[in-house]
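# Provide a 3D model corresponding to the input given below.
(chains A, B and C)
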Amino acid sequence: MPELPEVESVKLQLQKYLVGHKIDKVEVRNSRIFQGDVKDVEGTKVKDIRRFAKVLAIDLDNGNTLVIHIKLTGQLIYRGINLKKPDTLSKKVTDGLGGKHTHVILHLDRNSKLFYNDVRRFGWIKVTQSSKLKVQNEFIKKLGPEPFKDLTVEYFRQMLSKTKRAIKVVLMDQSKIGGVGNIYANDALWLAKVNPKKSSSELSDEEIKKLYKAIHEVLKNGLKYGGASELAFVTPDGAEGKYQDHTLAYGHEGQLCSRCKKAKFTKYFLGGRGTYWCPACQPA
DNA sequence: AGCTGTACCTGCAGGC
DNA sequence: TGCCTGCAGGTACAGC
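Take a look at the predicted model:
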């Protein structure tokens, strides 16, 4: 579930909390998650926070960058100065702070801390040179264009015409489009009235345009609601997002379609992922 | 080359 | 109550 809107929500808060602050110490409890030398990070100040699709980049003033992928259950929780609402910590903050699911702690100036929690330990934090970010980081290197940035409808049309894979699988392929995951892919397809398993190359020009628009629409909605906290997602201030209460198709199995009111949402697996579709609105 | 299926992990919901 | 199974979904990679 941490997709573009979720990671963007994290980015916006980290900018508020971290920029200009010094990282005194990096406490690594799990060396599989923190990959790099703490000496390249300790004693530096945070310059800026950037986002590339679902990945965060914390730029330091010594020319290094911390690249962070929170995958499914990673959480970046900030405690300390700048935090205006210290009592908003959601129950979803796994195991509290500094418990068995806390794998890395950035000790900041003025007694502030940034905790990296991750129940399933799929996420990672890598240290890389800022200037070589796009060549050194294997993940960022492969990213396709992303919505609201460099994803044009011309590229989208071209790219889709080159593959026969199911459209939903392509939407979630980070090397084709950066930032879209399962929740927003399901919703965008429903909004555009496109069948998730339709072959990408067989989409009509009309469908391509509608889908392009729908992708931006659902992501914008995700941003508006601060992301989806279906599983473990929380923002650095410890609060939950609200998009899970506003999904269009995702999680609607068995419910009557809100648009056509003719059929119920069906769930099946596509590319190993839960896929929700309305048989009436999104015909094959 | 392009694509599919499975591994990586753990917690939790649901069935019996 | 408690055990067991399956499911959650982002990526990496083995294998077809």
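# pop the domain breakdown of chain A in here.
A:4-142, A:153-277 (automatic domain parsing).
# a markdown table for the ones you listed, including mean neighbour count?
Every C-beta, even on glycine, is put in place using the N, C-alpha and C of the backbone. Shown next, in a markdown table, are these (neighbours: other CB atoms under 10 Å):
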| stretch | mean neighbour count |
| --- | --- |
| domain A:4-142 | 18 |
| domain A:153-277 | 19 |
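# would you reformat these as CSV and include mean pLDDT?
Formatted as CSV, those follow (pLDDT from 0 to 100):
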stretch, mean pLDDT
domain A:4-142, 91
domain A:153-277, 92
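# let me have these in a markdown table, extended by distance to DNA strand B.
Listed next are the domains of chain A as a markdown table, based on distance: least, CB to the nearest atom of the strand, whole Å:
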| stretch | distance to DNA strand B |
| --- | --- |
| domain A:4-142 | 3 |
| domain A:153-277 | 3 |
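# out of those, which comes closest to DNA strand C?
Taking CB to the nearest atom of the strand as the measure, the domains of chain A were each checked against DNA strand C, and domain A:153-277 came out nearest at 2.8 Å.
# first-to-last residue distance for that closest one?
Using CA to CA, to the nearest Å, the span of domain A:153-277 from its first residue to its last is 24 Å.
# so is it next to DNA strand C?
Yes - using CB under 7 Å from any atom of the strand, domain A:153-277 reaches DNA strand C at A:172, A:174, A:181-183, A:230-231, A:250, A:267, A:269, A:272-274.
# so what secondary structure elements neighbour the lengthiest helix in chain A?
In chain A, ranked by residue count with DSSP state H as the criterion, the top helix is helix A:205-224. Using 3 or more CB pairs under 8 Å, 6 or more residues apart in numbering; DSSP states H and E as the contact criterion, the secondary-structure elements in contact with helix A:205-224 are helix A:4-18, helix A:153-161, helix A:182-191.
# any chance of the ones you listed in JSON lines, with distance to A:Ser131 too?
Converted to JSON lines, those look like this (distance: least, CB to CB, whole Å):
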{"stretch": "helix A:4-18", "distance to A:Ser131": "20"}
{"stretch": "helix A:153-161", "distance to A:Ser131": "26"}
{"stretch": "helix A:182-191", "distance to A:Ser131": "32"}
